[in-house]
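A.B. asks: no letters, just coordinates:
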C-alpha cells in the first residue's frame, strides 16, 4: 500500500507546457514600440515634429491600438508628448537637457575611468583600442549608426571594466539617453578626428594604470563632447532645439 504522504502529481495541460517552453514572439505593441523608438532616437522622426496614430499605423501596417500603446510607453520615457484630442509631438531637444545629462555623465564616467584604470585587463584594453578607431561618413546613415554604436560600446567597456555593476548600469542608462543627441550632432558636423584622438588618449591613460589622470581625462572628454554637441546644434539654427 502506497503512503498517503507521497508526492502529489498534477497533470499539466499541453498548452500550458508549450507556453512555458516556447519563447514568446514580440507583440504588435512591442514591435511598434521598438520601431518608433529607433526612429525617434536616430531622428528619422525629427525632434518637435507632430505624429498621428493613424499615419503611423498605416505606415507600420498595423491597427491603431498597438501604435497607441507604443506611443504611451514612449511618452512615459519622455521621448514624446501627448496632446489630448490633438495628437503627439516628438519631444524637442533642449540645451538644458544636454547640459543636465552631461553634468551627471561626467561624474559617473570619471569614477568609472578611475576604477577601470585599476581593473581592466590587457585584453579588454586591446578591445577598447580597436573601438577607439571607429569612424563614419556624415552622408551615410549606416556608417553613422555604426560609429554611434562603437562609441557606445567604448564607454560601456570602460564602465564594465570598473567592476562595479551598479555604476555600469547607471552609465549605460545615461548613454542610452544621450543617443539622440549624438545622432543630431554627428549629422551636423564631422567629429571623427576629435573623437578618435580623445578616445586614443583615454586608452593610453588607462594602460598607464593612473586612476587620477584617467578620471581627469574622462571628465575632459565629457566636457568636450558636451560643448561640441551644443555648438553644432546651435549653429545649425535648428527649430527643434530650444534653450
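C.D. replies: Thanks, I have the structure now. This structure is a prediction, so every number in the text was calculated from the model and none was measured.

A.B. asks: other SSEs contacting the host helix or strand of residue 174?
C.D. replies: Assignment of secondary structure by DSSP states H and E places residue 174 within helix 165-188. Helix 165-188 is packed against helix 28-41, strand 93-94, helix 95-119, helix 141-161, helix 211-235, with contacts defined by 3 or more Cβ pairs under 8 Å, 6 or more residues apart in numbering; DSSP states H and E. For the C-beta atoms, the positions are set from N, CA and C on the backbone; glycine is no exception.

A.B. asks: in CSV: these, plus distance to residue 168.
C.D. replies: Formatted as CSV, the helices and strands packed on helix 165-188 follow (distance: least, Cβ to Cβ, whole Å):
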stretch, distance to residue 168
helix 28-41, 21
strand 93-94, 26
helix 95-119, 7
helix 141-161, 4
helix 211-235, 14
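
A.B. asks: mean pLDDT lowest for which of the ones you listed?
C.D. replies: Among the helices and strands packed on helix 165-188, strand 93-94 carries the lowest mean pLDDT, at a mean of 88.

A.B. asks: which other helices and strands contact that one?
C.D. replies: Counting contacts by 3+ Cβ pairs under 8 Å, 6+ apart, strand 93-94 is packed against helix 165-188, strand 241-242.

A.B. asks: mean pLDDT lowest where, among those?
C.D. replies: Mean pLDDT is lowest for strand 241-242 among those, at a mean of 56.

A.B. asks: can you list the domains in this structure?
C.D. replies: Residue ranges for the domains of the chain, per automatic domain parsing: 27-90, 94-242.

A.B. asks: next, format the helices and strands packed on strand 93-94 as JSON lines and append mean neighbour count and distance to residue 230.
C.D. replies: Formatted as JSON lines, the helices and strands packed on strand 93-94 follow (neighbours: other Cβ atoms under 10 Å; distance: least, Cβ to Cβ, whole Å):
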{"stretch": "helix 165-188", "mean neighbour count": "18", "distance to residue 230": "9"}
{"stretch": "strand 241-242", "mean neighbour count": "16", "distance to residue 230": "9"}
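
A.B. asks: and these: which comes nearest residue 231?
C.D. replies: For residue 231, the closest of these is helix 165-188, at 9.0 Å, according to Cβ to Cβ.

A.B. asks: continuing past the closest one, what's the next helix or strand?
C.D. replies: Going down the chain from helix 165-188, the next helix or strand is helix 192-207, by DSSP H and E.

A.B. asks: just checking, what packs against that next one?
C.D. replies: Short answer (3+ Cβ pairs under 8 Å, 6+ apart): helix 192-207 packs on helix 95-119, helix 122-132, helix 141-161, helix 211-235.

A.B. asks: which non-adjacent residue is nearest residue 235?
C.D. replies: Leaving aside its sequence neighbours, residue 235 sits nearest to residue 188 (Cβ to Cβ, 6 or more residues apart in numbering; 7.4 Å).

A.B. asks: ok, residue 133 next?
C.D. replies: Excluding the flanking residues, the one nearest residue 133 by Cβ to Cβ, 6+ apart is residue 196, at 6.1 Å.

A.B. asks: next, count neighbours for the one you found.
C.D. replies: By other Cβ atoms under 10 Å, the residues close to residue 196 number 14.

A.B. asks: can you check residue 54 too?
C.D. replies: The burial count for residue 54: 11, using other Cβ under 10 Å.

A.B. asks: nearest residue to it other than its sequence neighbours?
C.D. replies: What sits nearest to residue 54 in space, not counting adjacent residues and going by Cβ to Cβ, 6+ apart, is residue 64, at 6.5 Å.

A.B. asks: would you agree the one you found is in contact with residue 53?
C.D. replies: Yes: under the criterion of Cβ atoms under 8 Å, residue 64 makes contact with residue 53 at 4.7 Å.

A.B. asks: okay, those two: which has more neighbours?
C.D. replies: Counted by other Cβ under 10 Å, residue 64 and residue 53 do not tie: residue 53 has more neighbours, with 17 against 14.

A.B. asks: before I go, just wanted to say thanks for your time.
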